[in-house]
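>>> Sharing a sequence plus its predicted fold:
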Amino acid sequence: MHEPNQLCEILTPDFIFTDTRGTICQLVHDGYQQVNLVYTNKGSKRGSFHYHKINEELFFVIYGKIEVCLRAQDLEEKHVFGKGDMFQIHKNVQHDFCFLEDTLLLGLYDHGVELPDNSKDIYNA
C-alpha cells in the first residue's frame, strides 16, 4: 500500500549478485517471465555448460559481444552475438557463455529459474 500523495511505489530488485566478472541484477522472477540484466567483463565466462529442464531462455544483447557454445545430444554449435542481437535457447540445451567484450545482456525466462519448492531449474551438464 502506498502513502497518500505518492505517485509511485519504490521497489528493489529481487537480488543483485556481484563478483569479479561483473553484476547480475534480477528484477523479477514470478509470473510468466523472469528478467535478468547481466553485465559481464571482457574475458569472463558464465554458464559452465548448464541447462534448464523447464525454461526457455531469450536473450537480447544491449551492448558488447558474446560467444555462445551450445550442446544437445550429438550436436554442437558456436555463435557470436553482438549489440542488438536476440536469441533463444531451448530447454535441455546445454550452454556456456564467453564474453569477448564488456557486455550488457538482458535475459528472459518463460517460467523463472526459482521454482515453488525453492529449488532452481539449473542443472550442470
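Sure, I can see it.

>>> Now for this structure, the helix or strand with the poorest mean pLDDT.
Here the helix or strand of the chain ranked lowest by mean pLDDT, DSSP states H and E is strand 22-28, holding a mean of 76.

>>> list the helices and strands it packs on?
For strand 22-28, the elements it packs on are strand 15-19, strand 34-40, judged by 3 or more C-beta pairs under 8 Å, 6 or more residues apart in numbering; DSSP states H and E. Yep, even glycine has a C-beta here, placed from its N, CA and C like the rest.

>>> Distance to residue 106 and mean pLDDT added to those strands, as TSV?
Formatted as TSV, the entries for the helices and strands packed on strand 22-28 read as follows, by distance: least, C-beta to C-beta, whole Å; pLDDT from 0 to 100:
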stretch	distance to residue 106	mean pLDDT
strand 15-19	15	87
strand 34-40	6	91
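
>>> So which of the ones you listed is the most surrounded?
With neighbours taken as mean count of other C-beta atoms under 10 Å, those reach their highest mean count in strand 34-40, at a mean of 20.

>>> following it, which helix or strand comes up?
With elements assigned by DSSP states H and E, the helix or strand that comes after strand 34-40 is strand 45-51.

>>> for that next one, the distance to its chain's centre please.
Here the centre of strand 45-51 is set off from its chain's centre by 11 Å, with C-alpha atoms, centre = their mean, to the nearest Å.
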